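> Everything below, folded, please.
(one chain, ligands or ions: 2)
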Amino acid sequence: MHFSLISTFLALINPYSHGKAQTRSLSAAPKRGNSMQMVSATMAERWATLSSTIASLMFAWAIICQYSPYEVRNIIEKLKQRLRDYFNPYIQLCIHEYTGERLKRSEGYVLVESYLSSITSKDANRLRADLENDGGNLVLSMDEFQKVTDEFEGAQVWWGLRRISASSRTYYPEQGKRFYKLVFNKKHRELITKSYLDHVMKKGKDIRARNRQRKLFTNIPGSYNKMSSGMWSHIVFEHPASFETMALDPEKKEEIVEDLLAFSRNKEFYQRAGKAWKRGYLLYGPPGTGKSTMVAAMANLLNYDVYDLELTAVRDNTELRRLLIETTSKSVIVIEDIDCSLDLTGQRKKNKDEKSSEEDRDMTDEPKKERKEEPKKERKEVPKEDGSSRVTLSGLLNFIDGIWSCCGSERVIVFTTNYVEKLDHALIRSGRMDKHIELSYCSFKGFKVFAKNYLNLETHQTFDKIESLMGVTNITPADVAENLVPKSPRDDPEKCLSNLIRTLEEAKEAADKKKKAKEAQEMIGAVQPQDEKETEKPE
Ligand SMILES: Nc1ncnc2c1ncn2[C@@H]1O[C@H](COP(=O)(O)OP(=O)(O)OP(=O)(O)O)[C@@H](O)[C@H]1O
Ligand SMILES: [Mg+2]
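Ligands and ions are numbered 1, 2, ... in the order given. Here you go, the predicted structure:
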């Protein structure tokens, strides 16, 4: 069968072949009795002829391709492609790594990469492990020229990573252009192009969100990476604080956690109510009571980035607005120690002073004409002329809930302060700072959280003493933590607890002394006027 086909083919393509003579010689061969030798000789000749014919054809094709006009070549190429498509039952879809002028990595490519990282490890023989952008988790992905199979609603698809080698003239000649190739059967076209690709993008987003490295941003110039193009510079946010490790009353802790979770899950509510999807928290209390720690715990709970806004480094209200615009969704924007960040109440106080002096003038007989002519603009917050920040209270109020605050969503704004009474009421009213959380001295319940986390103790014979001492002394969680931290390898839980008891006793003694001194002073104060009267009498 094969021989006849080959000979027919040769006869067709080579009119000068000796097909007939050879056929004749084949049929005559048995008569001569040396058939085997003859067959092999003839086959060798035919193979030689065939290969020389193929070589000639290829040569001719190369000449045609090179010297025929561009239009002809184009037509041939199109015909070839159509012929291939006609017989090919599969569809091929490419997702390239870079879009445009290599400026930006394609989001689709990144999501496919994330999606495939979940299935490649099962299938591909060669894997690649990459660190996430900021040096976080190792992410596995398939290496080049590997293929993995996936299935979706009964349809089978094949993914492959390919590379077109780049010319030496490109900017990244060593990299070439990478792309993912998806191959599937024509009959699944609808299913794959709609549902399957949606599924890939959704799952890719989920995986990316899980592997995402959260960032801590600051607006202090040149503080972190100087390569940062925007107004914020950042580092990876890796604070270990969590609500589990925070020493707080369990009820209070639960209330805060529920409030935060309700906020993050209430997208529909905010949309329905026509409110910007943001929430303000004011954390106040003495130093060392865990305000900054709680900000970190909030960000970790919600899986948000943190923007640490240093108000004194912001030049004016315009810059403040620009900073706000550059923040992303899913973030905690924190202004620490807001009472000492800027003299935000100063302007208002000044206005109040002006107002009161005006009222004073009203009391006097100053001519009314002059007062009417007083330009109104002078009453506005006047920016400072020196190099310091010119952010005003109204600028900050607008930052929190002005019209610009809606560009972006799912944002938590946190102010921390040691002196809540110093703050302007407008700054902390509901709608701006929706929830006020007081963080105070350590309670016994808070101490038990420390004992569990630091010393792995649920109960101990000293706990009663500690409870009674804590009832009469104020000690900050920071001080409790400091006493419970082992300072040397020999420090066991007993030692740490006795350290704490000593600190508590000392604090109690100091408080008692202070109290006695105060009482004595009050006594003196009560007695003094009488003495003074007595001394006055003889005079
Ligand atoms: N409630 C708490 N739970 C757990 N640790 C705490 C708590 N409060 C304070 N700490 C510990 O004390 C240290 C200081 O706390 P933190 O910096 O959060 O206090 P702060 O209230 O922000 O103080 P400041 O007002 O001076 O900024 C932290 O390192 C933390 O370990
Ligand atoms: Mg702090």
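> Look at C94 and report its pLDDT.
Listed pLDDT for C94 reads 90.
> For it, which residues are in contact?
Taking Cβ atoms under 8 Å, 6 or more residues apart in numbering, we find C94 in contact with F179, Y180, K181, L182. Just so you know, the C-beta spots here come from the backbone N, C-alpha and C atoms, and that holds for glycine as well.
> Next, it: phi, psi?
Dihedral angles of C94 (phi, psi; degrees, to the nearest 10) stand at phi -110, psi 140.
> just V314 next, same as before
For V314, the backbone dihedrals (degrees, to the nearest 10) come out as phi -90, psi 130.
> any idea how far it is from ligand 1?
V314 sits at a distance of 20 Å from ligand 1 (criterion: Cβ to the nearest ligand atom, to the nearest Å).
> residues in contact with that residue?
N219, L320, L323, S389, V391.
> PyMOL command for the buried members of these?
In PyMOL, a selection of the buried entries from the contacts of V314 looks like this (16 or more other Cβ atoms under 10 Å):
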select buried, resi 219+320+323+389+391
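> So which of the contacts of V314 sit within helices?
Counting by DSSP state H, the contacts of V314 place L320, L323 in helices.
> so can I have a markdown table of the contacts of C94 showing secondary structure and distance to ligand 2?
A markdown table is the format used below for the contacts of C94 (DSSP: H, G, I helix; E, B strand; the rest coil; distance: Cβ to the ion, whole Å):
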| residue | secondary structure | distance to ligand 2 |
| --- | --- | --- |
| F179 | strand | 49 |
| Y180 | strand | 47 |
| K181 | strand | 52 |
| L182 | strand | 51 |
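> nearest to M298, of those?
Y180 (37.7 Å; Cβ to Cβ).
> Need the three-state assignment for the residue nearest to the closest one when sequence neighbours are not counted.
Closest residue in space to Y180, ignoring its immediate chain neighbours: I95 at 4.6 Å, by Cβ to Cβ, 6 or more residues apart in numbering. Three-state assignment for I95 (DSSP: H, G, I helix; E, B strand; the rest coil): strand.
> Looking at the chain, what residue ends up closest to ligand 1?
Residue nearest to ligand 1 within the chain: G290 (2.7 Å; Cβ to the nearest ligand atom).
> gap between that residue and ligand 2?
In this view, G290 and ligand 2 are 8 Å apart by Cβ to the ion, to the nearest Å.
> quick one, strands of the stretch 201-350 of the chain?
215-218, 233-236, 278-284, 305-308, 331-335 (DSSP state E, counting those that start in this stretch).
> again with the stretch 1-150 of the chain
With strands called from DSSP E, counting those that start in this stretch, the stretch 1-150 of the chain shows them at 90-96, 98-99, 104-105, 127-131, 138-142, 147-152.
> got TSV for the ones you listed, with distance to ligand 1 too?
Formatted as TSV, these follow (distance: least, Cβ to the nearest ligand atom, whole Å):
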stretch	distance to ligand 1
strand 90-96	46
strand 98-99	44
strand 104-105	38
strand 127-131	29
strand 138-142	30
strand 147-152	46
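> For L260, find the nearest of these.
Nearest to L260, of all these, is strand 138-142, at 28.7 Å by Cβ to Cβ.
> So is the helix or strand hosting A510 next to ligand 1?
Assigned by DSSP states H and E, A510 belongs to helix 493-536. No. Shown here: helix 493-536 not in contact with ligand 1 (Cβ under 6 Å from any ligand atom), separated by at least 14.0 Å.
> F450 in helix, strand or coil?
F450 ends up helix, using three-state DSSP.
> so what's the backbone phi/psi at S443?
According to degrees, to the nearest 10, the main-chain angles of S443 amount to phi -100, psi 170.
> brain fart, N303
Here is the backbone geometry of N303 (degrees, to the nearest 10): phi 60, psi 40.
> Does it touch S329 like I think?
No. Using Cβ atoms under 8 Å, N303 is not in contact with S329; the gap is 12.0 Å.
> and of the strands of the stretch 201-350 of the chain, who's closest to I437?
Minimum separation from I437 across these (Cβ to Cβ) falls at strand 278-284, 5.2 Å.
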